[in-house]
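S.K.: Need a 3D model of the sequence below.
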Amino acid sequence: MPLNDSLSMNLSNATTTTTVEFDGPLSEDQVIIGGKEARDAARARVVVHLDRVRALAKIETRARVESRNTFPTGAGIASSASGFAALTVAATHAAGLELTERELTMLARQASGSACRSIPAGFIEWITSIDPNDSYAVSIAPPEHWDLHDVIAIVATEEKKVGSTEGHAAAASSRFLSARLNALPIRLHHVRRAILTKDLALLGPAIEEEAIELHLVAMTSRPPIFYWSPGMVRVIQAMQQWRKDGLAVYFTLDAGPNVHLICEGKDAAQVAELARQVPDVQQVIDNAPGPGTTIVGG
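M.R.: Numbering: from 1, shown residues only. This next block holds a predicted model:
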């Protein structure tokens, strides 16, 4: 359950493809992620979520799961959100369940909170509540509403040492968390309005402020968590110069070292090319607003 409402944008070129097959002869679930057999905690999270689906479908059949991302896993590009949204839709479909979009978002939320935001299309709001049955995600605008781009400058592809789940748990120990939570409702209003009115000048400063606060909380938790890296700082400093030179681009960050450069579609190619010239950048992924989680076969 989230501490606050939040807004996000699905990404067109950062995707997860997951297949799920419930197979009677299997004695245990088989989980393949990125071409490798998942073990320990990674496998356990998938199995627990399959158990949720089995309980809803009133079946006990074990499943074969294969999942692959088009972007680095566990590096601060919302791989758990994408992965568990895909698993939720694929597994419920394979189990013969017919759930509404709202029900799918609530089910996905139980595996990875932000996975609920990867179910609907385009620009998404995740609504919090004291009642789990009223915390769900809904699209506030379709992908075609605004040609807003997220140009991801990847400076690290390895899995981060401290996962988002652990980071969320540690956040409560930061004395800055309460200040962040107090500031979020007004900022959320500004971001929602910026999306609905397609106002990048309103959106940009709000998301930069929010990103810095997120990492401030991480760095002041006990023990402190440092997702920042020299490469991240160099990308942000380069972007600040591009903006001084007249390019409308802003940054945001997830719980990881990679930088999300936010601009409009007309500037995306230039932003991507400039990002590639920053020495620390290993890869660039240019994303427009993406569709929600969909069945692509079977």
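S.K.: For the stretch 101-250 of the chain, which segments count as strands?
M.R.: Ranges of strands in the stretch 101-250 of the chain, per DSSP state E, counting those that start in this stretch, are 123-127, 136-141, 148-154, 250-253.
S.K.: The first one - contacts with which helices or strands?
M.R.: Counting contacts by 3 or more C-beta pairs under 8 Å, 6 or more residues apart in numbering; DSSP states H and E, the secondary-structure elements packed against strand 123-127 are strand 6-9, strand 136-141. For glycine as for every other residue, the C-beta is placed from the backbone atoms N, C-alpha and C.
S.K.: now the last one and strand 123-127, what's the angle there?
M.R.: Taking axes from the mean of the first three to the mean of the last three C-alpha atoms, to 10 degrees, one finds that strand 136-141 is oriented at 150 degrees with respect to strand 123-127.
S.K.: Which strands border strand 136-141, and is each parallel or antiparallel?
M.R.: Here strand 136-141 has these sheet partners by DSSP bridges: strand 123-127 (antiparallel).
S.K.: what's around the residue nearest to A141 when sequence neighbours are not counted, how many residues?
M.R.: Using C-beta to C-beta, 6 or more residues apart in numbering and skipping residues adjacent in sequence, the residue nearest A141 is F123, 4.3 Å away. By the criterion of other C-beta atoms under 10 Å, F123 has 23 neighbours.
S.K.: which residues touch the spatially closest residue to N10 that is not a sequence neighbour?
M.R.: Nearest non-adjacent residue to N10, counting by C-beta to C-beta, 6+ apart: G290, 3.9 Å away. Going by C-beta atoms under 8 Å, 6 or more residues apart in numbering, G290 touches M9, N10, L11, S12, N13, A14, T15, A121, G122, P143.
S.K.: Out of those, which end up buried?
M.R.: Buried members of those, counted by 16 or more other C-beta atoms under 10 Å: M9, N10, L11, S12, A14, T15, A121, G122, P143.
S.K.: Spit out the contact partners of the residue nearest in space to the middle of the chain.
M.R.: What sits nearest the mean C-alpha location of the chain, by C-alpha atoms, centre = their mean, is A78, with 3.1 Å. Contact partners of A78, counting by C-beta under 8 Å, 6+ apart, are A14, S114, S118, D254.
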